[in-house]
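**Student:** I'd like to go over a predicted model; first the sequence, then the structure.
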Amino acid sequence: MEVPTEPKTTQIDEISHNLSFSTSNAGDSSWDKISFFRHRSRQIKRDTWLVSVFVLLQIVLFAVTMGVNDCSRNSHGHCAAKLLGRFSFQPLSENPMLGPSASTLEHMGGLSWNTLTENHEIWRILTSPWLHSGLFHLFINLGSLIFVGIYMEQQFGPLRIAVIYLLSGIMGSLSAVLFVRNISSISSGAAFFGLIGAMLSALAKNWNLYTGKISALVIIFTIFTVNILIGFLPFIDNFANIGGFISGFLLGFVLLFKPQLRQMPPSHKGKLFEDDMNRSTRLKDQFDRPVLRIICLVVFCGMLAGVLLAACWGVNLNRHCHWCRYVDCVPTKRWSCSDMTTSCEAMVSDAQLTLTCMANGKFRIFPYTNISQARTQDLCTLVCT
């Protein structure tokens, strides 16, 4: 008696499909690699709302800073771009970045030795990363942030990028406190440098998964170098940039995960099993190399605790490292890198103000007298340098 048998085409098809999937992957060595800077059509489709919020917030704060500066009134019209009225810039001799005065930056939350050590205004560590020294600085910084930030947010999501951006800004400000001078400075580049460091760690961590690595390194190095060179100009703190970069590099190893290279092969065991398998694969990719993650997290926490304690104790590393000031400043005819406290003798006569620097005897006559004490100190610093 002949027993009817059911066809096994389904099992054969499944085995054939899995074998063909494995064979095609093994035969194509480029299947396991992707370009670091992928074409837009191949990038993960995510809304980059976080970077947009950061950019908009910093533009608004710069406009508010220029409004508070009010060069047309506080400097009696001795301004650049006078047509802007209240929002006109300080003279290029005072601020080559087309921005506000040093006293305005300090008023808005910039870093300076006196405000941190004598007045104990620790809140400036949180406000300094959002300020910009001038219009040129704003354009370059935000342009770099848009390029790097959008890429990072598309690849790794807004939550991780927000954590890296904010913590790098705080770490950069704390690093700047250890080298801060009597001149006001801001640390807006620290948070952005954190994203550069995270981008570099993402490339280093998944080095074997990417193609075009040399071109990616060239792009990262170029962006890093341009922004470091800008840090030599007045009011911009390079120590904050370096601290933010190191912070972002460490946090990148802690928070960033392996990019998704391929879709999982379709399963014939049901959608629930397939979802569980995909979820397990994603978790495995996101928590790979736990030892490296833990080491970088411990190093970051140790650095954060160290600079925080040093800042609270008022440590000034410039007293122990005389050449360190040149990491943050290059002396020119227009400004000095000296850390001396400037003082001037003021004489008022015939609606003119004469300021004489007590350190070098230089003097300058200004055609106005009705100015604030903070503005007088700005002019004194300009005369002495």
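**Tutor:** Nice, I can see it. In this text the structure is predicted, and so the values were computed from the model without any measurement.
**Student:** any chance you could map the strands in this protein?
**Tutor:** 34-35, 210-211, 344-349, 352-357, 363-366 (DSSP state E).
**Student:** Please name whichever of those strands is nearest to residue 329.
**Tutor:** Nearest to residue 329 among the strands of the chain is strand 352-357; the distance by CB to CB comes to 18.9 Å. No exception for glycine: its C-beta is placed from N, CA and C like everyone else's.
**Student:** Show me the strands paired with the closest one, marking each as parallel or antiparallel.
**Tutor:** Using DSSP bridges, strand 352-357 pairs in its sheet with strand 344-349 (antiparallel), strand 363-366 (antiparallel).
**Student:** still on that earlier bit, deepest of the strands of the chain, which one?
**Tutor:** Neighbour counts (mean count of other CB atoms under 10 Å) averaged over each of the strands of the chain peak at strand 352-357, with a mean of 17.
**Student:** taking the mean pLDDT, what do you get for that strand?
**Tutor:** Average pLDDT, strand 352-357: 82.
**Student:** now do stretch 361-368
**Tutor:** The predicted model assigns stretch 361-368 a mean pLDDT of 78.
**Student:** Residues touching that stretch, excluding its own?
**Tutor:** Stretch 361-368 has contacts (CB atoms under 8 Å, 6 or more residues apart in numbering) with 76, 78, 351-357, 379, 382-384.
**Student:** mind listing the helices for the stretch 1-150 of the chain?
**Tutor:** For the stretch 1-150 of the chain, the helices defined by DSSP state H, counting those that start in this stretch occupy 9-27, 49-69, 71-74, 102-108, 113, 124-127, 135-156.
**Student:** Any chance of these in JSON lines with mean pLDDT as columns?
**Tutor:** Output for those, formatted as JSON lines (pLDDT from 0 to 100):
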{"stretch": "helix 9-27", "mean pLDDT": "44"}
{"stretch": "helix 49-69", "mean pLDDT": "93"}
{"stretch": "helix 71-74", "mean pLDDT": "82"}
{"stretch": "helix 102-108", "mean pLDDT": "88"}
{"stretch": "helix 113", "mean pLDDT": "73"}
{"stretch": "helix 124-127", "mean pLDDT": "88"}
{"stretch": "helix 135-156", "mean pLDDT": "90"}
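**Student:** For residue 217, state which of the contacts of stretch 361-368 is nearest.
**Tutor:** Residue 217 lies nearest to residue 382 out of these, by CB to CB, at 41.1 Å.
**Student:** That closest one: neighbouring residues, count only.
**Tutor:** By the criterion of other CB atoms under 10 Å, residue 382 has 24 neighbours.
**Student:** Also residue 367?
**Tutor:** Neighbours of residue 367 under the rule other CB under 10 Å: 11.
**Student:** How about residue 196?
**Tutor:** Number of residues near residue 196 (other CB under 10 Å) recorded here: 26.
**Student:** go on, residue 159?
**Tutor:** Residues lying near residue 159 (other CB under 10 Å) number 11.
**Student:** next one: residue 252
**Tutor:** Here the number of neighbours of residue 252 (other CB under 10 Å) works out to 26.
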